[in-house]
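# What shape does this take:
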Amino acid sequence: MRVGFLGLGLIGASFARALRGKPGIDALVGYGHRHTTVQAALDLGVIDEAVSEPQDLLTACDLVVIGTPTLLAERQLIDLIQASDGMEKPPILTDVASVKGNLWRAVQKLSLPTWPSQVVLGHPIAGSEQSGVHAGRADLFEHHRVILTPHPENDPDAVLAVKRLWEQAGAEIVLMPVNLHDKVLAATSHLPHMLAYSLVDTLARSRVSEDIFRYAAGGFKDFTRIASSDPTMWRDIALANQAEVLAAIDEFSAGLDRLREAIATSDADTMTEIFNSAKAARDRFVLTGKPPERD
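Next comes the predicted model:
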């Protein structure tokens, strides 16, 4: 199999590195809109070959991974679907975007007779606050989940091919409906990033920001680490998953209001209840990987 990568950032470069030398992988082919990125990918051994246009990946590869930010990935997926129209055997198309609903809806707006059977949407639940081809790591996906959101009209062989590639990269595969994916990721990934960005921005605007950051301890650095992530990427994620992100923010705000009220009224019992509940839920998750128990 010849695997193509449209986008050679952290995820694309890491996936390519993870597939290097794996059985059945004949070549790793890449495209990037910056010449310096493509040359670095070649020099680092991330890819074996490069193409000059995204559409060239369709004839050069058996499977193409769209590894660009969410809103750009939407446009590129549509471009590749349209460019592959008429091909006797178009390559499998998959992606790594953090939001699935906008891609799903974009494909549906094409008003094709059926869902393109070769299009298998996916999302690796792995990453880093670092970005770019130089940040690529072959072990990034080991012991991490990859969520695939297959369509009922997908070619089963296409789904299996994408699944096997991710398994070769060391990932565990989970199948999930598109709507559930976007709701879950809004709560577990998108919301924490919004909170980290907002907290750091708020404190940076404070009149005593110099002292705040001078004396910030390890906990602050741990909690706000993800605010060092690519701002453009996370802006696009918030826009693409707007409804679910807003719902998650509203639910969090309600919980924060409850805690604020408890502090304002010196309601020690409610504060203790919130803290104990949160500690128990996180301890259970860390130790067992299971969700919190409900009363």
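# pretty sure Ala278 is in a helix, no?
Yes - checked against DSSP: H, G, I helix; E, B strand; the rest coil, Ala278 lies within a helix.
# pLDDT score for it?
In this prediction, Ala278 carries a pLDDT score of 94.
# the helices in the protein, which residues?
10-19, 35-43, 56-60, 70-83, 101-108, 156-168, 178-185, 191-204, 209-214, 218-224, 231-240, 242-264, 268-288 (DSSP state H).
# What is the neighbour count of the nearest residue to Ala238 once chain neighbours are set aside?
Once flanking residues are discounted, Ala238 sits nearest to Val245: 5.3 Å by C-beta to C-beta, 6 or more residues apart in numbering. Every residue, glycine included, has its C-beta placed from N, CA and C. Using other C-beta atoms under 10 Å, Val245 has 22 other residues around it.
# and if you look at Glu210?
When neighbours are counted by other C-beta under 10 Å, Glu210 registers 10.
# re the thing from before, what residues are up against the residue nearest to Ala238?
Contact analysis of Val245 by C-beta atoms under 8 Å, 6 or more residues apart in numbering lists Ala186, His190, Leu191, Met194, Ile237, Ala238.
# Show me the beta-bridge partners of the residue lying closest to Ile125 once chain neighbours are set aside.
Spatial nearest neighbour of Ile125, excluding adjacent residues (C-beta to C-beta, 6+ apart): Arg145 at 4.7 Å. Under the criterion DSSP bridges, Arg145 forms beta bridges with Glu172.
# unless I'm mixing things up, Arg145 is touching Ala171, no?
Yes - if you go by C-beta atoms under 8 Å, Arg145 and Ala171 touch, sitting 6.6 Å apart.
# quick one: low-confidence ranges for the chain?
291-292, 294-295 (pLDDT under 70).
# can you do 80?
127-130, 215-218, 288-295 (pLDDT under 80).
# tell me the centre residue of it?
Centroid-nearest residue in the chain, with C-alpha atoms, centre = their mean: Ser98, separated by 3.3 Å.
# Excluding chain neighbours, what is closest to that one?
In this structure, Ser98 finds its nearest non-sequential neighbour in Ile237, 5.0 Å apart by C-beta to C-beta, 6+ apart.
# got a list of what the residue nearest to Ile125 touches?
Pro124, Ile125, Ala171, Glu172, Ile173, Val174.
# Kindly recompute the last result at 6 Å.
Ile125, Glu172, Val174 (C-beta atoms under 6 Å, 6 or more residues apart in numbering).
# Sweet, I'm off.
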